[in-house]
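Colleague: Dropping a prediction and its sequence here:
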Amino acid sequence: MYKFKNVVIFGASQGIGKAIAFEFSSIGSNIILLSRNYEQLKEVSNELNKNSSICFIKKCDVTLIEEVKSGIKFACGKFENIDLVIINSGVGGPNWMNTFSSKQFKDTFAVNTFGIAHVLECVLPVFRKQGYGTIAGITSLADIRGYGGSSSYSASKAASSILLESARVELKKENIKIITIRPGFVKTAMTDKNEFYMPFILKPQKAAKIIRKGIEAGRSIIQFPIPIVLASRIIKLLPNRIFDWGMNKARPKK
Ligand SMILES: NC(=O)c1ccc[n+]([C@@H]2O[C@H](COP(=O)([O-])OP(=O)(O)OC[C@H]3O[C@@H](n4cnc5c(N)ncnc54)[C@H](OP(=O)(O)O)[C@@H]3O)[C@@H](O)[C@H]2O)c1
């Protein structure tokens, strides 16, 4: 039987999460879609049902642990086992220091970082009980440095990548696999807000295929596209003087 028969996706109403739902349903997985926008979830599930996929939806805000808990309980009620949980929920967009607000910083962490922490807390007891499971969290290649205009986003993704890495190291011996997914640019509502050129930008469907294949291949880190992965490695090593100069050069003029 296919290893990832029953899949739960947090943040599945649009963009990469929606494309991942289609990707797994196209190979016969049963899917549970969770996020805040119930109407959009209904549209996604109607489309999936047309392809004769088994799909259930539930409203869930990942910033609220009680809603995450009831989302997982809902999934346990529908499926005998949960094979794969994908934590895709995320918020982002430009935020510059001239309008910096700690509230916006907290709000970004609430979804991008605490969302992952909430899901981990609620899913781990279920995986321990069934004796196995895979959790894939979507962070970003923007987790490597403090990019200009991206303080909240880059910081929240760096914290998430580190959280997932610690979880991976510890949980391996319990037969629980943790995967970190680090995409480059993908064309979605999130990146439509960006005011700068986004090299090697991918369609969500292409990103979802890479993600599904990486999960099936058992990778612990899935990062793409390769030119941006390599560029990120170089950017990480740049001395501050050059990094700061590049950041200021790239800043859109208003
Ligand atoms: N697009 C890119 O270039 C790119 C690159 C690297 C990483 N990523 C990451 O990939 C993930 C998906 O991004 P995307 O580009 O597909 O963005 P998107 O189109 O804006 O979709 C974001 C998804 O997150 C969900 N979400 C947001 N807040 C939530 C909350 N409080 N609770 C539950 N779900 C929530 C949204 O659903 P509801 O509004 O229905 O709740 C939506 O389904 C994010 O984690 C993002 O940071 C994206």
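Modeller: Noted; the coordinates are in hand. Numbering: from 1, shown residues only.
Colleague: C-alpha only now, for contacts and for neighbours.
Modeller: Will do.
Colleague: these two touch, right, residue 133 and residue 174?
Modeller: No. Residue 133 lies out of contact with residue 174 (C-alpha atoms under 8 Å); the separation is 9.4 Å.
Colleague: Compare these two and say which is more crowded by neighbours.
Modeller: Between residue 133 and residue 174, counted using other C-alpha atoms under 10 Å, residue 133 has the larger neighbour count: 22 against 12.
Colleague: Please name the bridge partners of the more buried one.
Modeller: When assigned by DSSP bridges, residue 133 has beta-bridge partners residue 176.
Colleague: What does the pLDDT read for it?
Modeller: Looking at residue 133, its pLDDT stands at 98.
Colleague: List the contacts of it.
Modeller: Neighbour list for residue 133: 82-84, 127, 175-177 [criterion: C-alpha atoms under 8 Å, 6 or more residues apart in numbering].
Colleague: and what of residue 236?
Modeller: Contacts for residue 236 were tallied using C-alpha under 8 Å, 6+ apart; they are 144-145.
Colleague: Could you check the helix or strand containing it against the ligand for contacts?
Modeller: In the assignment (DSSP states H and E), residue 236 maps to helix 226-237. No. Contact of helix 226-237 with the ligand is not found when judged by C-alpha under 6 Å from any ligand atom; the minimum separation is 11.2 Å.
Colleague: thinking again about what came up before, which two in the contacts of residue 133 are spaced the farthest apart?
Modeller: Taking C-alpha to C-alpha as the measure, the contacts of residue 133 span a maximum distance of 13.7 Å, between 82 and 175.
Colleague: what about these two, which has more around it?
Modeller: Residue environment comparison for residue 82 versus residue 175 gives the larger neighbour count to residue 82, 25 against 13, counting by other C-alpha under 10 Å.
Colleague: Now that one. Nearest residue, chain neighbours left out?
Modeller: Excluding its sequence neighbours, the residue lying closest to residue 82 (C-alpha to C-alpha, 6 or more residues apart in numbering) is residue 6, at 5.3 Å.
Colleague: you'd agree that neighbour is up against residue 79?
Modeller: Yes. Under the criterion of C-alpha under 8 Å, residue 6 makes contact with residue 79 at 6.9 Å.
Colleague: quick one: which of these two has more around it?
Modeller: Summary of the neighbour comparison: residue 6 and residue 79, criterion other C-alpha under 10 Å, with residue 6 having more neighbours (24 against 15).
Colleague: and residue 7, that's in a helix?
Modeller: No. Residue 7 is assigned strand when assessed by DSSP: H, G, I helix; E, B strand; the rest coil, not a helix.
Colleague: contacting residues around it?
Modeller: Taking C-alpha under 8 Å, 6+ apart as the contact definition, residue 7 lies against 24, 29-32, 82-86.
Colleague: Filter the residues you listed down to just the ones in strands.
Modeller: Judged by DSSP state E, the contacts of residue 7 include 30-32, 84-86 as members of strands.
Colleague: near the ligand, which residues of this structure show up?
Modeller: Going by C-alpha under 6 Å from any ligand atom, the residues of the chain near the ligand are 10-17, 35-37, 60-63, 88-91, 111, 138-140, 183-191.
Colleague: quick revisit: of the contacts of residue 7, which is the most crowded?
Modeller: The most neighbours, when the contacts of residue 7 are compared by other C-alpha under 10 Å, belong to residue 31, which has 28 neighbours.
Colleague: Against residue 77, how distant is that residue?
Modeller: If you measure residue 31 against residue 77 using C-alpha to C-alpha, to the nearest Å, the figure is 13 Å.
Colleague: before we move on, back to that, could I get the ones in strands among the contacts of residue 7 in CSV, plus columns for pLDDT?
Modeller: As requested, these are exported to CSV (pLDDT from 0 to 100):
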residue, pLDDT
30, 95
31, 96
32, 97
84, 98
85, 98
86, 98
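Colleague: which one of those residues sits closest to the ligand?
Modeller: Proximity to the ligand was ranked across the ones in strands among the contacts of residue 7 by C-alpha to the nearest ligand atom; first place goes to residue 86, at 10.3 Å.
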